[in-house]
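Enquirer: A structural model of the following input is requested.
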Amino acid sequence: MAETASRSLILSIDQGTTNSKAALVSAEGRIVGSGSAPIGVVSPRPGWVEQDAGRIWSSVLEAVAACLAGGMQDVVAKPLRLPQFNAKLTARFGGAPAGGVAEAAAAHGEQPLDLDTLAYYRNAMGTSALLNVTTLYSNNSLGYLDAMARAVERDDLAVIAGDAHKMAGASMMLGMRDIGTLAMELEEAALAGDVARTGALFTRLKRQLPAVLDALRRWCGEAA
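Expert: Numbering: from 1, shown residues only. Model (predicted):
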């Protein structure tokens, strides 16, 4: 439970089969921060389904990190950051299973890509298939950005919200958490009818997306 200047907040984790989700909820039931991260399922042979325990652990950390980035730090007086959260879980449950927890934490810092998630997908689907997916993500993201730029000029918040929603989902699925979180904030601002905040968030997204896509292209070049 996190303490604010005036009330307590509850950090809730929903562990699903395909995603880990985290939400910070006020005593009044208002969600003040949320995030999610994919887990992935591998089928090594027909009728078999496997999951990586290490990936489940790191996806929880990623979901909490996205929750922090999604506004929790603006609400909580002393936010519980990702390394401290990991340390508390490790102390409580006797250690995290192997599988990229350190890499996931590092990726949420200065690294714009979640290398752990990308490596997981590469191992699960193969390099060629993953390169096709990342190319599709890049092309679609640039398309969404162009469509939103035109929508911003005419204050078409419905189009902005729709394209931001699609960009957020794709970004979170591939582990582009910073872009995914920013796209979610943009969607929320557009749905709320806040023209000024929508414009400001779009400007940030327009500035940050090229650097992330460049990093993704470099990673794909190394992975090929």
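Enquirer: where does this protein have low pLDDT?
Expert: 1-8, 68-111, 224 (pLDDT under 70).
Enquirer: Nearest to the spatial middle of it, which residue is it?
Expert: Arg177 (3.1 Å; CA atoms, centre = their mean).
Enquirer: any idea how far that residue lies from Ala65?
Expert: 7 Å (CB to CB, to the nearest Å). Just so you know, the C-beta spots here come from the backbone N, C-alpha and C atoms, and that holds for glycine as well.
Enquirer: for Gln51, same thing?
Expert: 20 Å.
Enquirer: Check Thr203 too.
Expert: If you measure Thr203 against Ala65 using CB to CB, the figure is 24 Å.
Enquirer: These two: which is more packed in?
Expert: Neighbour tally, Thr203 and Ala65, criterion other CB atoms under 10 Å: the higher count belongs to Ala65, 26 against 11.
Enquirer: Which strands or helices does the one helix or strand the more buried one maps to pack on?
Expert: Element membership for Ala65, per DSSP states H and E: helix 53-67. Contacts defined by 3 or more CB pairs under 8 Å, 6 or more residues apart in numbering; DSSP states H and E place helix 53-67 against strand 8-15, strand 19-26, strand 31-38, helix 82-93, helix 101-107, helix 115-125, helix 177-191.
Enquirer: Could I get the CA-only coordinates of the last one as PDB?
Expert: So that's helix 177-191. Backbone C-alpha positions of helix 177-191 (Å, rounded to 0.1, in the frame of the first residue of the first chain) are rendered in PDB as follows:
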ATOM      1  CA  ARG A 177       6.500   1.000 -22.700                       C
ATOM      2  CA  ASP A 178       7.400   4.600 -22.900                       C
ATOM      3  CA  ILE A 179       5.700   5.100 -26.200                       C
ATOM      4  CA  GLY A 180       2.800   2.900 -25.100                       C
ATOM      5  CA  THR A 181       2.300   4.900 -21.900                       C
ATOM      6  CA  LEU A 182       2.500   8.200 -23.700                       C
ATOM      7  CA  ALA A 183      -0.100   7.000 -26.300                       C
ATOM      8  CA  MET A 184      -2.400   5.900 -23.500                       C
ATOM      9  CA  GLU A 185      -2.100   9.400 -21.900                       C
ATOM     10  CA  LEU A 186      -2.900  10.900 -25.300                       C
ATOM     11  CA  GLU A 187      -6.000   8.700 -25.700                       C
ATOM     12  CA  GLU A 188      -7.200   9.700 -22.200                       C
ATOM     13  CA  ALA A 189      -6.700  13.400 -22.900                       C
ATOM     14  CA  ALA A 190      -8.600  13.100 -26.300                       C
ATOM     15  CA  LEU A 191     -11.500  11.200 -24.700                       C
END
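Enquirer: what's the longest helix in the protein?
Expert: Secondary structure assigned by DSSP state H gives helix 195-223 as the longest helix of the chain.
Enquirer: List the buried residues for that one?
Expert: Using 16 or more other CB atoms under 10 Å as the test for burial, helix 195-223 gives 198, 201-202, 205, 209, 212-213, 216, 219-220.
Enquirer: For it, name the packing helices and strands.
Expert: Packing partners of helix 195-223 (3+ CB pairs under 8 Å, 6+ apart): helix 115-125, helix 127-153, helix 157-174, helix 177-191.
Enquirer: Mean neighbour count, those helices: which tops it?
Expert: Among the helices and strands packed on helix 195-223, helix 177-191 has the highest mean neighbour count (mean count of other CB atoms under 10 Å), at a mean of 23.
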